[in-house]
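**Student:** Got a sequence here, can you build the structure:
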Amino acid sequence: MKRTHSNLSLICLSFCSAARSSALRLIITSLLLASNQLWAQPSDFQPRLEADASDPKSLHSGQTTSDQSEIIQQIYQLVDDRNPDLEFFAKVLQSKDIHVVNSAIVGLGRIGGKAVISSLIPFLKDDNPILRQHAAFALGLTANKESAHYLWQRLEEENDDLVKHEIYLGLGNLGQNNLVSRMLKRLTQEKSRTAQASLFQGLAIALTFHRELVDDYATIDYQRLLSLFAVGDDLAARVGYFLSRIPGIEKRIQSAQLTSLISKPMSPLARNVLSRLIGKVSAEDKTQNRELLAWLIEQTENGNLNERIAAIGAMRNMLDIPQALIQLGKLQASEHPLIAQTALNVLASSEQKDANLISLFKNQLKSEQDAMVVEALKGLVKRQTKNEMSWVVKLFKHPSAYVKIQLLTLLNNKKEEDFSNLIQFFSGDPDPRVSKFAKSLLAKEEEKPESRADSPSFAQVKQVIGKKVTLSTTAGDFTIELLADAPYTAWHFVNNAKEGHFNNSYFSRVIGNFVAQGGDTIGNGNGSSGKTIREEISFLKHEPMTVAMATSGKDTATSQFYINTARNLHLDRNYSIFGKIVDGQDVVYRMIHGTMVKSVTVTN
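**Tutor:** Below you'll find the model as predicted:
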């Protein structure tokens, strides 16, 4: 997930401790993709059953010696300092204690860079699959493309599906030209569904974070991939998700090919992905849009929350059909705030310029929900010239600082016209947050550089593990339990709360079926604590209700964090998951952007 900047899109990690242990092997049903047989029943990547040495919770177990604790603490402190003390790590990696070795391997991956690669390579060949798994994970984090060579090399010999999972995700993270073509050639070599699903997840990650990759997308057998997606379970959904990420997919797939899928039984995740594909393909090939729209409308009425939101988003390119406009008009008046926000956002971001739509937006300026007012503002500013914006005067006395800051941002970003006189008026706003922001726009102030936050010793850091943090918001209260997988991140989150960075901060980016991102101290997406912290990427998956730090590059997290409200496959191995929502999940699912944090309480 990226911290939102005015010209940066937020991408935005999941819980379920994947790859946390060993000895029991996952039994996978083998089926060649080359044969057109159906895949076996889904079985998502299961954790190993041996304690994971990268987990600092092991420090609290009876199995941990004082020597082991001291060494692991040294590892964590060196990693937080990004200090690749190769002499120290060389000694530690020779330890007979697998907990220590795994902690060192993961630590080197988090430090990253070319210097650590040679220390990791030997463990890719180890007889112990746990060590190979950790080494593959670490190499995928190094951000050095040389690591890809060794991962490909290991892939030719590897038989363990959990090790392959880390290799494929690592290759996706590292990114290489022709990666898609090279991976797809391996499909017939992968006999287990689990390994095949890992391959497609790795490709989805690559196309999310490496959009510049060069490949020959014309040679892909799209019908074959659609047949695999048609199996319709959660593992098959990874195929569909990869397809939806392919550049220009709307020119590769025909709408008739998707029409054949809408009658097939699918898991909720697969239906979400199908909606996403329909949204892409319908922009180019409109021949089947009425039939596809009928299916989407059914999803908006009968699906679960995420299915409904995915279907609403997919209507974006169908607004030339009256039924789509009618349905969205109905949904923007929904009692569920997130459904209403999503529907209004689709209308606001469209190219429709109907007079009735302008009237709808103006009417929503009276909404008591800040998010609805802001979506209406987006629709109006997009469609109207300065001379048509007489409604702006009514917002001078709007009670919400968030609404005013969002309006100022929209006006400032509309470069075709000069809105400095309107912005000047807000520089005298009685709310200091608004006046300060308006003055910064007029002065064309650049964002202040962020400095690195100081970290205490690991002995202090680990004291926050297991603590609970309750955020009281304008939408209600929810509680985060802090996890051991990212202890420094958890400590800094608590420290941000104690320093007051979350008080009166906003959830400025809430996208249904994706994430709710908070910790914005301004309200325009750019607010932060001003101090950066190090990443602690782990084996945890981006599952619903896991909490992670937003970044705009390696080691750039500040105060902005996000809550996963869906299974975000493409974010795995890219952000630091440090918590999970243990109370108030219903509040999270009803939050919309503009939700403000009133206070934060930390308890044991």
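
**Student:** How about the contacts made by the residue nearest to residue 406 when sequence neighbours are not counted?
**Tutor:** Nearest residue to residue 406, sequence neighbours excluded (CB to CB, 6 or more residues apart in numbering): residue 374, at 4.6 Å. Backbone N, C-alpha and C define where each C-beta goes, glycine included. For residue 374, the contact set (CB atoms under 8 Å, 6 or more residues apart in numbering) comprises 402-403, 406-407, 593-594.

**Student:** do you know how far residue 374 is from residue 466?
**Tutor:** Look at residue 374 and residue 466: by CB to CB, to the nearest Å, they are 37 Å apart.

**Student:** ok but the residue nearest to residue 406 is inside a helix, no?
**Tutor:** Yes - using DSSP: H, G, I helix; E, B strand; the rest coil, the assignment for residue 374 is a helix.

**Student:** which residue packs closest to residue 530, ignoring adjacent ones?
**Tutor:** residue 450 (5.5 Å).

**Student:** swap in residue 547?
**Tutor:** In space, not counting the residues next to it along the chain, residue 547 is nearest to residue 579; the distance is 3.9 Å by CB to CB, 6+ apart.

**Student:** Where does pLDDT dip in the chain?
**Tutor:** Where the chain drops to pLDDT under 70, the residues are 2-64.

**Student:** about what we covered before: give me the three-state assignment for the residue nearest to residue 547.
**Tutor:** strand.

**Student:** mind checking how far it is from residue 323?
**Tutor:** 42 Å.

**Student:** Settle it for me: which of these two has more neighbours?
**Tutor:** Neighbour tally, residue 579 and residue 323, criterion other CB atoms under 10 Å: the higher count belongs to residue 579, 26 against 14.

**Student:** So what pairs up with that one in the strands?
**Tutor:** Counting by DSSP bridges, residue 579 is bridged to residue 482, residue 547.

**Student:** Residue 480 is in contact with that one, correct?
**Tutor:** Yes - with contact defined as CB atoms under 8 Å, residue 579 reaches residue 480; the gap is 4.1 Å.

**Student:** what residues do those two have in common as contacts?
**Tutor:** Taking CB under 8 Å, 6+ apart as the criterion, residue 579 and residue 480 both touch 469, 547.

**Student:** Give me the number of neighbouring residues for residue 353.
**Tutor:** 10.

**Student:** same question, residue 415
**Tutor:** Count around residue 415 with other CB under 10 Å applied: 7.

**Student:** Please tell me how far it sits from residue 455.
**Tutor:** Residue 415 is 41 Å from residue 455, where distance means CB to CB.

**Student:** burial measure for the closest residue in space to residue 545 that isn't next to it in sequence, as a count.
**Tutor:** Closest residue to residue 545 apart from its sequence neighbours, by CB to CB, 6+ apart: residue 581 at 4.1 Å. Neighbourhood size, residue 581 [other CB under 10 Å]: 22.

**Student:** quick one, what contacts residue 581?
**Tutor:** Residues in contact with residue 581 (CB under 8 Å, 6+ apart) are 478-481, 545-547, 563, 588.

**Student:** Would you write a ChimeraX line that selects the buried entries of the residues you listed?
**Tutor:** Filtering the contacts of residue 581 down to the buried ones (16 or more other CB atoms under 10 Å) takes a single ChimeraX command:
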select :478,479,480,481,545,546,547,563,588
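
**Student:** roughly how far apart are residue 216 and residue 179?
**Tutor:** Look at residue 216 and residue 179: by CB to CB, they are 12 Å apart.

**Student:** List the buried residues for stretch 580-589?
**Tutor:** 580-581, 584-585, 587-589.

**Student:** Dump those residues into JSON lines; add secondary structure as well.
**Tutor:** Below are the buried residues of stretch 580-589 laid out as JSON lines (three-state DSSP):
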{"residue": "580", "secondary structure": "strand"}
{"residue": "581", "secondary structure": "strand"}
{"residue": "584", "secondary structure": "coil"}
{"residue": "585", "secondary structure": "helix"}
{"residue": "587", "secondary structure": "helix"}
{"residue": "588", "secondary structure": "helix"}
{"residue": "589", "secondary structure": "helix"}
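
**Student:** now these in a markdown table, with distance to residue 209?
**Tutor:** Formatted as a markdown table, these follow (distance: CB to CB, whole Å):
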| residue | distance to residue 209 |
| --- | --- |
| 580 | 24 |
| 581 | 26 |
| 584 | 31 |
| 585 | 28 |
| 587 | 31 |
| 588 | 26 |
| 589 | 27 |
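
**Student:** Spatially, which residue comes closest to residue 465, not counting chain neighbours?
**Tutor:** Among residues not flanking residue 465 along the chain, residue 484 sits closest, at 4.7 Å (CB to CB, 6+ apart).

**Student:** And for that neighbour, the neighbour number?
**Tutor:** Residues near residue 484, counting by other CB under 10 Å, number 20.

**Student:** For residue 582, see how far away it is.
**Tutor:** 15 Å.

**Student:** Residue 123 reaches residue 105, doesn't it?
**Tutor:** Yes - counting by CB under 8 Å, residue 123 touches residue 105, with 6.0 Å between them.

**Student:** So between the two, which is more surrounded?
**Tutor:** Neighbour totals were compared for residue 123 and residue 105, and residue 105 leads with 29 against 23 (other CB under 10 Å).

**Student:** Thought residue 93 was touching the more buried one, still the case?
**Tutor:** Yes - counting by CB under 8 Å, residue 105 does reach residue 93; the two are 7.4 Å apart.

**Student:** any residues in contact with both of those two?
**Tutor:** With CB under 8 Å, 6+ apart as the test, residue 105 and residue 93 both reach residue 123.

**Student:** which residues does residue 595 contact?
**Tutor:** Applying CB under 8 Å, 6+ apart, we find residue 595 in contact with 473-475, 506-507, 510, 516, 518.

**Student:** Not counting sequence-adjacent ones, nearest residue to it?
**Tutor:** residue 507 (4.3 Å).

**Student:** residues near that neighbour, how many?
**Tutor:** Neighbour count of residue 507, defined by other CB under 10 Å: 30.

**Student:** can you give me phi and psi for it?
**Tutor:** When read as degrees, to the nearest 10, the backbone of residue 507 gives phi -90, psi 90.

**Student:** repeat for the one 4 residues further on
**Tutor:** Torsion angles at residue 511 (phi, psi; degrees, to the nearest 10) stand at phi -120, psi 110.

**Student:** Is it bridged to anything, and to what?
**Tutor:** residue 515.

**Student:** any chance you could map the helices in the stretch 51-200 of the chain?
**Tutor:** All helices of the stretch 51-200 of the chain, identified by DSSP state H, counting those that start in this stretch, fall at 66-80, 86-92, 98-111, 117-120, 129-141, 146-155, 161-174, 179-184, 193-209.

**Student:** Make JSON lines out of these and add distance to residue 528.
**Tutor:** Below are those laid out as JSON lines (distance: least, CB to CB, whole Å):
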{"stretch": "helix 66-80", "distance to residue 528": "19"}
{"stretch": "helix 86-92", "distance to residue 528": "32"}
{"stretch": "helix 98-111", "distance to residue 528": "22"}
{"stretch": "helix 117-120", "distance to residue 528": "32"}
{"stretch": "helix 129-141", "distance to residue 528": "24"}
{"stretch": "helix 146-155", "distance to residue 528": "30"}
{"stretch": "helix 161-174", "distance to residue 528": "25"}
{"stretch": "helix 179-184", "distance to residue 528": "33"}
{"stretch": "helix 193-209", "distance to residue 528": "22"}
